[in-house]
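1. what's the 3D shape of this:
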Amino acid sequence: MYLRILQLSCLCFFLECIPAFAQNQMGEGFFSPKTDVVETLYLYGNFNKDGVNRKVLDSITFSKRYANHVDAIGYAPKNFRPFHEKLDYGLFILRVKRLGRDYHEIIINEETNETVYVSAWQGSFMGWGEFFLNCHSVEFKDKNQKVFDDPMIKSAGRVVAPGNFKPRYIMGDWMEVEILDDNYNTVKGKGWIRWKKDGKILIHYNLFA
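-> All right, here's what the predicted structure looks like:
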């Protein structure tokens, strides 16, 4: 499923911190299974000795509990700890460690960093930039972080309070944002913030309103 179905009217609020190990190993982005057309997501091991075939290690299945669309996981391995899963809101994303032409190496357990492979054709890939652009809002981890009028002019930085922002554009390590008030409703201005540095995430993110 895709993050594009997230709506600002959602009442559920999520503020997630990326685990410490993930800050240094962000990966390439995220994999979202095509739960509308795929009944079973197969999880593969590494290449066999012939360098071509892969062995199916396990799988993830989906079910429809209360809606006409997939809204729950039917079966998943015991060690399944995804980046985010909330299928009743159309959300299911797995972090991609290595992006491949035919198979992606994905992190199946965010606590242990355990990985498996999935077929690239059983879902869609989304980079970090697109992920943040589909979030409701972002916030500074460090209240002393600054907002800049131009990412190339560091001396123009200023501290704003509260540090709540709506992402507009992504450019490398930088993000152009709308500066929001305490209620995340009123736009108080625009600026640029640094969202990552040296492979570490510098912001919290809110998936829903």
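2. Give me the buried stretch members for stretch 157-167, please.
-> By 16 or more other CB atoms under 10 Å, the buried positions in stretch 157-167 come out as G157, V160, G163, N164, F165, K166, P167. In short, each C-beta sits where N, CA and C put it, glycine included.
3. same check, this time on stretch 30-42
-> F30, F31, S32, P33, T35, V38, L41, Y42.
4. Please apply the same query to stretch 185-197.
-> Buried-residue list, stretch 185-197, by 16+ other CB under 10 Å: G191, W192, I193, R194, W195, K196.
5. Residues contacting it, please?
-> Contacting residues not belonging to stretch 185-197 are listed as 26, 128, 132, 138, 140, 145-151, 160, 165-166, 168, 170, 173-181, 201-203 [CB atoms under 8 Å, 6 or more residues apart in numbering].
6. Of those residues, keep whichever come out buried.
-> If we count by 16+ other CB under 10 Å, these have these buried: 26, 128, 132, 138, 140, 145-148, 151, 160, 165-166, 170, 174-180, 201-203.
7. From E130, how far off is S32?
-> Distance, S32 to E130, by CB to CB, to the nearest Å: 11 Å.
8. Just give the closest residue to A156, not the sequence neighbours.
-> Using CB to CB, 6 or more residues apart in numbering and skipping the chain neighbours, the partner closest in space to A156 is D149 (4.6 Å).
9. Touching, the one you found and W174? I think so.
-> No: between D149 and W174 there is no contact under CB atoms under 8 Å: 12.0 Å.
10. helix, strand or coil for the most centrally placed residue in the chain?
-> Using CA atoms, centre = their mean, the residue of the chain that lies closest to the mean C-alpha position is F131, 5.1 Å off. The three-state assignment at F131 reads helix, by DSSP: H, G, I helix; E, B strand; the rest coil.
11. hey, where'd the helices end up in the protein?
-> Here the chain has its helices, by DSSP state H, at 20-24, 128-133.
12. Which of the ones you listed comes out lowest on mean pLDDT?
-> When those are compared on mean pLDDT, helix 20-24 scores lowest, with a mean of 40.
13. List the residues that contact V96.
-> Here V96 is in contact with G27, E28, G29, F30, F31, H104, E105, I106, I107, F125 (criterion: CB under 8 Å, 6+ apart).
14. Got a ChimeraX select line for the buried ones in those residues?
-> In ChimeraX, a selection of the buried entries from these looks like this (16+ other CB under 10 Å):
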select :27,28,29,30,31,104,105,106,107
